[in-house]
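[1] The following comprises the amino acid sequence and a computationally predicted model.
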Amino acid sequence: MELGTDPVQTSGCYRAWQIANAPAPAIDLAWYSRCDYTNPERHDLLPFTEPSIALRRRFAPNGETSEWDFVIFRAQPDGGRYDPCPGEELFALRLAPELMEAAFALKAADHIAADYEVPSHITGKLEPARRLADLGQFKAAWEAMLSALQMLAEGCKTDRAGRAARLARETKGMFGPAQIAEEAGLSPRHMRRLFLERLGLSPRAVLRRQRLTAAMLSSETFDRPQWAALAAGHNFSDQAHLIRECRALTGYSPGEWHRFRRGLAVSFNT
């Protein structure tokens, strides 16, 4: 698995890397999290619309593995709270929701409302990864997961609704619903119906969350963000618009989010 050198996202014990030259567009991000027994810290999650499949390791205080399993982490478009369990290590791959049904026979809309077990047709393909993990070859296990999921996704087609959803994610909310629909060759009404049916969210809901999360992740590269410039750079009308959207979608102001997430990164790395 070829990962970028530096993580594209960092928060406490969480790290995420873009998959370089990914041949399967159904998988676009690899992420890792490990929670030891010494300092488990709560995470407040920014809104995200992509589920993930993870290989989860549970380990005892002495470091010995007690259990391996595969889990699906559902999308959380309104953000949420994650209380990591001490003794949990996760090797995960993020799934593009617009291709989940074609590639993995998983409907993205189902993985917003509730948690689901990984179905047997996927776990069977992932068994080589579990065997490698049992041998302590964790990176090789992660790579085997990616290879297995890529094989499942091989040859999957993207229709117009899928192209619209992918464009919405790739442009991080910079385009409006009408522009996305035009680019994909759909009427706005038809696109809205397809988004709700397949993704569980309207186009506008997806775009709002993509835009806010992109702005907040950008803010984390600065000790003292220039909020007006960040708002303008992420297609908010002004700083007040960014503040309103952030409060409406998460209950927090941008400044509160920034202090929390920067503080978590510092406390974890010191």
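    Arrived safely.

[2] Please, where are all the helices along the stretch 151-270 of the chain?
    Ranges of helices in the stretch 151-270 of the chain, per DSSP state H, counting those that start in this stretch, are 160-170, 177-184, 188-198, 203-219, 227-233, 239-250, 254-268.

[3] where among those helices is the average confidence lowest?
    Ranked by mean pLDDT, the helices of the stretch 151-270 of the chain bottom out at helix 254-268, with a mean of 71.

[4] buried sites along stretch 46-56?
    Neighbour-count burial for stretch 46-56 flags 46-56 (criterion: 16 or more other C-beta atoms under 10 Å). Backbone N, C-alpha and C define where each C-beta goes, glycine included.

[5] Can you flag which of those belong to helices?
    Of the buried residues of stretch 46-56, none are assigned to helices by DSSP state H.

[6] I'd like these laid out as CSV, including distance to residue 187 and pLDDT.
    Converted to CSV, the buried residues of stretch 46-56 look like this (distance: C-beta to C-beta, whole Å; pLDDT from 0 to 100):
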residue, distance to residue 187, pLDDT
46, 31, 88
47, 27, 92
48, 28, 91
49, 22, 92
50, 26, 93
51, 28, 95
52, 32, 95
53, 33, 96
54, 37, 94
55, 41, 94
56, 42, 93
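
[7] thinking again about what came up before, redo the helices of the stretch 151-270 of the chain as JSON lines? Include mean neighbour count and distance to residue 131.
    Formatted as JSON lines, those follow (neighbours: other C-beta atoms under 10 Å; distance: least, C-beta to C-beta, whole Å):
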{"stretch": "helix 160-170", "mean neighbour count": "20", "distance to residue 131": "33"}
{"stretch": "helix 177-184", "mean neighbour count": "18", "distance to residue 131": "42"}
{"stretch": "helix 188-198", "mean neighbour count": "17", "distance to residue 131": "34"}
{"stretch": "helix 203-219", "mean neighbour count": "21", "distance to residue 131": "35"}
{"stretch": "helix 227-233", "mean neighbour count": "16", "distance to residue 131": "46"}
{"stretch": "helix 239-250", "mean neighbour count": "17", "distance to residue 131": "40"}
{"stretch": "helix 254-268", "mean neighbour count": "16", "distance to residue 131": "31"}
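
[8] out of the ones you listed, nearest to residue 87?
    Among the helices of the stretch 151-270 of the chain, helix 254-268 comes nearest to residue 87, with 16.5 Å by C-beta to C-beta.

[9] ok, which stretches of the stretch 1-150 of the chain are strands?
    9-11, 14-18, 27-35, 43-45, 52-59, 65-73, 80-82, 88-95 (DSSP state E, counting those that start in this stretch).
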